[in-house]
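> Output the structure for:
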Amino acid sequence: MNLYKILKIVAAVLSLLGIIFLVMIISKGDEAIKSAAIDGDTAIIDPMAWVTYIIFALTIAFVVFFVVKNLFTNTSSLKSTLIGIGAFLVVLIISYALSNGSDASKYMYDGLPATETASHMVGAGLISFYILMAAAAASMLFFGIKKIGK
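Coordinates of the predicted model:
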């Protein structure tokens with residue numbers, strides 16, 4: 001049995017389970033679900049959630065597997081991927097170096113003051129977002145002008 005047939009069977013089983021659990025949820029009704037949720041009982045929707053988790057995990061696993069497989073079978077794509085990852089890491093390092101966490105005590109999180117490290121990381125995230133946003137805008141502008149010039 002090849003992989004395609006196995007995946008087709010798994011997809012059919014998960015689809016059938018999803019339909020069965022959906023019918024069970026609909027047959028219970030909104031009021032039963034709301035009252036159970038208020039009491040902290042999630043047994044009505046748990047099976048559907050587990051089907052969703054399984055589908056999500058399988059999707060992520062297959063995407064990661066085929067991306068890694070393609071990277072190692074196509075060395076030119078591996079080189080360009082590593083260049084992209086390296087450029088992203090450079091942006092993160094620059095962002096971390098530019099951010100500061102010195103004024104962290106004035107920020108509160110759940111009633112507790114933020115730590116200097118947390119403030120430093122948030123600042124680095126914001127700066128990296130700004131750098132990447134500016135790079136994307138510049139790239140779109142550059143290639144738009146280049147396309148008009150042709």
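> Poorly predicted segments of the protein, please.
For the chain, applying pLDDT under 70 flags the ranges 1, 102-111.
> Swap in 90 and give it another go.
1-8, 10-11, 24-49, 62, 66-82, 99-123, 146, 149-150 (pLDDT under 90).
> which stretches of it form helices?
With DSSP state H as the criterion, the chain has helices at 3-28, 30-38, 46-73, 75-98, 116-149.
> what angle separates the shortest one from helix 3-28?
Right, helix 30-38. Relative orientation of helix 30-38 and helix 3-28, computed by axes from the mean of the first three to the mean of the last three Cα atoms, to 10 degrees: 100 degrees.
> one step back: want to try TSV for the helices of the chain, with mean neighbour count as columns?
Heads up, the C-betas are built off the backbone N, CA and C, glycines and all. Compiled in TSV, these are given as follows (neighbours: other Cβ atoms under 10 Å):
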stretch	mean neighbour count
helix 3-28	12
helix 30-38	11
helix 46-73	12
helix 75-98	12
helix 116-149	12
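> centroid residue for this protein?
The chain has Ile60 as the residue nearest its centroid, 9.9 Å off, counting by Cα atoms, centre = their mean.
> roughly how far apart are that residue and Phe129?
24 Å (Cβ to Cβ, to the nearest Å).
> Repeat that for Lys69.
Distance from Lys69 to Phe129, by Cβ to Cβ: 31 Å.
> go on, Ile44?
Per Cβ to Cβ, Ile44 is found 40 Å from Phe129.
> Kindly report the same for Ser76.
Ser76 is 30 Å from Phe129, by Cβ to Cβ.
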